[in-house]
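**Student:** Generate a structure from the sequence data that follows.
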Amino acid sequence: MAQRVRKAVLPVAGLGTRFLPATKAMPKEMLTVVDRPLIQYAVEECLAAGIEEFVFVTGRNKGAIEDHFDSAYELEATLEQRRKTVELKQTQNATLKAGNAIFTRQQKPLGLGHAVWCARHWIGREPFAVLLPDELMVSSPTCTAQLVTAHEMTGGNVVAVMDVPREQTGSYGIVATRNEKNGLAEMTGIVEKPKPEEAPSTLAWIGRSVLLPEVFDHLEKHETGAGGEIQLTDAMAKMIGHSPFHAMRYNGQRYDCGTRIGFLEANIAVALHRRDTAVETRVLLNRLLKG
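**Tutor:** The predicted model follows:
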């Protein structure tokens, strides 16, 4: 029986240079999609999958993330006095339980693999989820919940994948698979940012995984790959053939909030999806398009 996934690693140390000057003094993960920061969507996705403990791998000037998930006594007291019950509930829902969040620093930008390695002491020898908050997923069940279910079925590593245009393969970790059934396939390889003509497929890893702790044994070596960085995909590749490793076609909507247009798309899509904003958003869009 597969060990239950209780913990998640959220690498949030990036500089967010694509969103300057907005990210000059604010973490990119705190940029809001409608009325919630990106990082909160990732945490809520985990909570819906039964994950209880979080390791945030941060960097300098990321204190706002820690504050966001902490209790805000003065704000809550003011909202309670003013009988703003909806706003009070929203604030309290953004607070993680005491002791369930760890914030550790990636002191040098050495790559995603290095960021995940920084979480090793708090993960221990348990399977864990990895979520890149730049990727916003909208589905029911959540992407992470789908991965947890696949892990329980296979007992091993599982990564979420989606098809991308071949000309875009150089921006992703691209997987090779075999024996696909019901959206789940055995992985035979993964290559970080291959040239389109050399990509083994068009199936791209989309920033969601459930990994076995053996990945730390490979990351421990600090071997560099594409871009001179310690790549998580390189460590994944070394695990293939030694423990179960599957690719799961994600069933849902994905928005790449690491780009300005993707971030804009996410705001519009989420606003259209929500009951409290859908009608007004549609009216607004129609008015802007006519103008």
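
**Student:** Mind listing residues that contact stretch 135-150?
**Tutor:** Residues outside stretch 135-150 that contact it (Cβ atoms under 8 Å, 6 or more residues apart in numbering) are 5, 8, 33, 38, 41, 45-46, 48-51, 129, 131, 158-160, 184, 206-210, 246, 248, 250-258, 266, 269-270, 273. In short, each C-beta sits where N, CA and C put it, glycine included.

**Student:** ranges for the strands of the stretch 51-200 of the chain?
**Tutor:** Under the criterion DSSP state E, counting those that start in this stretch, the stretch 51-200 of the chain contains strands at 53-58, 101-105, 128-131, 135-138, 157-163, 173-181, 184-192.

**Student:** got TSV for those, with mean neighbour count, distance to Glu280 and mean pLDDT too?
**Tutor:** What follows is the strands of the stretch 51-200 of the chain, written out as TSV (neighbours: other Cβ atoms under 10 Å; distance: least, Cβ to Cβ, whole Å; pLDDT from 0 to 100):
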stretch	mean neighbour count	distance to Glu280	mean pLDDT
strand 53-58	23	33	96
strand 101-105	16	34	94
strand 128-131	26	30	97
strand 135-138	21	19	94
strand 157-163	23	30	95
strand 173-181	17	39	91
strand 184-192	21	40	91
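
**Student:** Make JSON lines out of those and add distance to Ala226.
**Tutor:** Formatted as JSON lines, the strands of the stretch 51-200 of the chain follow (distance: least, Cβ to Cβ, whole Å):
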{"stretch": "strand 53-58", "distance to Ala226": "20"}
{"stretch": "strand 101-105", "distance to Ala226": "24"}
{"stretch": "strand 128-131", "distance to Ala226": "18"}
{"stretch": "strand 135-138", "distance to Ala226": "19"}
{"stretch": "strand 157-163", "distance to Ala226": "17"}
{"stretch": "strand 173-181", "distance to Ala226": "9"}
{"stretch": "strand 184-192", "distance to Ala226": "4"}
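
**Student:** Provide the partner residues of the closest residue in space to Thr177 that isn't next to it in sequence in its beta bridges.
**Tutor:** Computed as Cβ to Cβ, 6 or more residues apart in numbering, the closest residue to Thr177 that is not its neighbour in sequence is Ala185, at 3.8 Å. For Ala185, the beta-bridge partners under DSSP bridges are Ala247.

**Student:** So which bits of stretch 71-90 are buried?
**Tutor:** Leu79, Leu88 (16 or more other Cβ atoms under 10 Å).

**Student:** Any chance you could list what contacts it?
**Tutor:** So stretch 71-90 is contacted by Thr91, Gln92, Thr95 (Cβ under 8 Å, 6+ apart).

**Student:** from those, which ones fall inside helices?
**Tutor:** Thr91, Gln92 (DSSP state H).

**Student:** one step back: among the contacts of stretch 135-150, which are in strands?
**Tutor:** 8, 33, 129, 131, 158-160, 184, 206-210, 246, 248, 253-256 (DSSP state E).

**Student:** Low-confidence stretches in this protein?
**Tutor:** Applying pLDDT under 70 to the chain flags residues 1, 291.

**Student:** the domain parsing of it - what is it?
**Tutor:** Following automatic domain parsing, one gets these domains for the chain: 7-258, 259-291.
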